[in-house]
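S.K.: Build me a model from this:
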Amino acid sequence: LCFLLFCVVLQALNEYKAMEPSNTELILIRITGEDRPGLTSSIMGILARYDVTVLDIGQADIHNTLTLGLLVRAAEEYSGHVMRDLLFKASELGVNIRFYPVKKDEYADWVNMQGKNRYILTLLGRKLSALQIQAVTSVLAEQGLNIDAIKRLTGRIPLDEQRENIRACIEFSVRGTPKDRAAMQSKLLKLSSELEMDFSFQLDNMYRRMRRLICFDMDSTLIETEVIDELADRAGVGEQVRAITEQAMRGEIDFKESFTQRVTLLKGLDVSVMEDIAQHLPITEGVDRLMFVLKQYGYKIAILSGGFTYFGNYLKNRYGIDYVYANELEIEDGKLTGRYVGEIVDGRRKAELLKLIAQVEHVHLAQTIAVGDGANDLPMLSEAGLGIAFHAKPRVVANAKQSINTMGLDGVLYFLGFMRLRSLLFLWGFLGLSVGSSVAQDMEREKEYLRKDSMLWEAYERRHQEMAALWDKYPEMQDSLQAAFNSFYDATLKRNRE
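M.R.: Sure thing, here's the model as predicted:
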């Protein structure tokens, strides 16, 4: 039976080869110049006229300047006509065009490369310079990795570098297998510290595009404080507790031991203090944006914290978080007893909970994300498909594969591949949906530009109303509406500032 199947397959291959035209030419076409509507259509119209096969195509557009590449197969008898007509069309359109012959064995080698590993390197910072990009790409070259594509994930960067919330992110799609993955990771980590940038290096597989569960540490991650230190200050034992906390976060003493010592020192503190602290928690930069986008895209969100459930539940109610696992303080007669209830949520327990929630939500472990700053977060950072150290201690950064140290927590979204978050959030805000306070402040500043010209402001208001109506009525058109809004909004601001 196997022999018969082999014969059938062999015959089919021979028939396919017989059908494949032998008198064909492979041509690489490169077109550069000012971008305009209809350019690609005009080029394709000529190729279609001569029944040309498009083997590969790619396009980039920077500041309205187009670079379009095509790899085509044309019948030998028509290849001269194809190039002639394309030259005339390029002259008519005012663009430059070049032709390069490609040998069939070169093409075959290129096709065979598609089996190689693919990775995504994300470079993130408040701003990115040529020095930073050169340093990172040199590491890739040393490792024998080839860059296939480069994409900017952030919106267009304003020249005014003093504006708030400015950030730059570039994503490199690379192919190959690193010669020494550990050495490469170590060198990138060193560069990120020296050149004030963050990076993420991930295998480009289906799980990278389908993350579904994200687990956060709470203290010094979602909030810019250690709650136990806040409680200790109110109890008058702040210095003692803070010293123990620092030892634990550096990994110098066991978390359970440190936790027990610190909770004991809180004995007698009135429970009303907890409510006051919760209402004044300093939320980390970018949390509003991050939570909004994650909820919009259907992520399951969990807090896995060595802190306390009281404060975790406060954040849960504020952001619609799905799971909270933290430590429960024992309370008697309205005061803390200096004891805790149940099992301590330490590093081991965090990793167990991440796996448990993934199982409950039917999420593959490779689709999970963990974010934290302390030594007790390392186990869950290691277990997750994507572990991110956030403004973490040196030991944690050294052991995590990804880290963010230069900006707010919404930097996580760029590691997930989200693009142009600013325009997306502005659109939702203009449509009357809830957005974070920092986004709302930015929006008000931008609106002030528009209000300076009554005609532009009326045009904006009219378009806003039209798009808001369409957004709800035609959900399948939301991508197109977003693109249209972005174009209109950018053009309106540009006209006003001019």
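S.K.: Name the nearest residue to the most centrally placed residue in the chain, ignoring sequence neighbours.
M.R.: Residue closest to the average C-alpha location in the chain (C-alpha atoms, centre = their mean): residue 414, at 2.1 Å. Leaving aside its sequence neighbours, residue 414 sits nearest to residue 169 (C-beta to C-beta, 6 or more residues apart in numbering; 4.4 Å). All C-beta spots, glycine's among them, are computed from the backbone N, C-alpha and C.
S.K.: The helix or strand hosting that neighbour pairs with which strands, parallel or anti?
M.R.: Assessed by DSSP states H and E, residue 169 sits inside strand 168-175. Here strand 168-175 is paired, per DSSP bridges, with strand 118-125 (antiparallel), strand 146-152 (antiparallel).
S.K.: Low-confidence regions, this structure specifically.
M.R.: Counting by pLDDT under 70, the ranges of the chain that qualify are 1-22, 115, 160-165, 249, 420-498.
S.K.: send the alpha carbons of the helix or strand hosting residue 380 over as PDB?
M.R.: Per DSSP H and E, residue 380 falls inside helix 378-383. The C-alpha trace of helix 378-383 is given here as PDB (Å, rounded to 0.1, in the frame of the first residue of the first chain):
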ATOM      1  CA  LEU A 378      10.600  34.900  39.500                       C
ATOM      2  CA  PRO A 379       8.800  31.500  39.700                       C
ATOM      3  CA  MET A 380       5.700  32.800  37.900                       C
ATOM      4  CA  LEU A 381       7.800  34.900  35.400                       C
ATOM      5  CA  SER A 382       9.600  31.600  34.600                       C
ATOM      6  CA  GLU A 383       6.400  29.600  34.200                       C
END
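S.K.: Quick one: the helices in the stretch 201-350 of the chain, in order.
M.R.: Remark: helices assigned in the stretch 201-350 of the chain by DSSP state H, counting those that start in this stretch are 227-235, 238-249, 255-264, 272-279, 287-296, 309-319, 347-360.
S.K.: number of nearby residues for the residue nearest to residue 414?
M.R.: When counting by other C-beta atoms under 10 Å, one arrives at 25 neighbours for residue 169.
S.K.: residues touching it, list them.
M.R.: Going by C-beta atoms under 8 Å, 6 or more residues apart in numbering, residue 169 touches 122-125, 128, 152-154, 414.
S.K.: would you turn the residues you listed into JSON lines with distance to residue 337?
M.R.: Below are the contacts of residue 169 laid out as JSON lines (distance: C-beta to C-beta, whole Å):
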{"residue": "122", "distance to residue 337": "47"}
{"residue": "123", "distance to residue 337": "50"}
{"residue": "124", "distance to residue 337": "45"}
{"residue": "125", "distance to residue 337": "47"}
{"residue": "128", "distance to residue 337": "52"}
{"residue": "152", "distance to residue 337": "55"}
{"residue": "153", "distance to residue 337": "49"}
{"residue": "154", "distance to residue 337": "50"}
{"residue": "414", "distance to residue 337": "44"}
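S.K.: are any of those buried, and which?
M.R.: Buried subset of these (neighbour count, 16 or more other C-beta atoms under 10 Å): 122-125, 128, 153-154, 414.
S.K.: returning to what we had before: how about a markdown table for the helices of the stretch 201-350 of the chain, with distance to residue 328 and mean neighbour count added?
M.R.: Output for the helices of the stretch 201-350 of the chain, formatted as a markdown table (distance: least, C-beta to C-beta, whole Å; neighbours: other C-beta atoms under 10 Å):
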| stretch | distance to residue 328 | mean neighbour count |
| --- | --- | --- |
| helix 227-235 | 13 | 21 |
| helix 238-249 | 18 | 18 |
| helix 255-264 | 11 | 18 |
| helix 272-279 | 12 | 14 |
| helix 287-296 | 24 | 22 |
| helix 309-319 | 5 | 19 |
| helix 347-360 | 13 | 18 |
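S.K.: Among those, single out whichever gets nearest to residue 114.
M.R.: Between residue 114 and the helices of the stretch 201-350 of the chain, the tightest spacing by C-beta to C-beta is seen for helix 347-360, at 31.2 Å.
S.K.: Show me what the closest one is in contact with.
M.R.: Here helix 347-360 has contacts from 213, 215, 217, 255, 300, 302, 304, 306, 323, 325, 343, 345, 363-365, 367-368, 370, 372, 375-380, 382-384, using C-beta under 8 Å, 6+ apart.
S.K.: Could you give the bridge partners of residue 170?
M.R.: residue 123, residue 152.
S.K.: what does the one 5 residues further on give?
M.R.: Listed by DSSP bridges, the beta-bridge partners for residue 175 are residue 118, residue 146.
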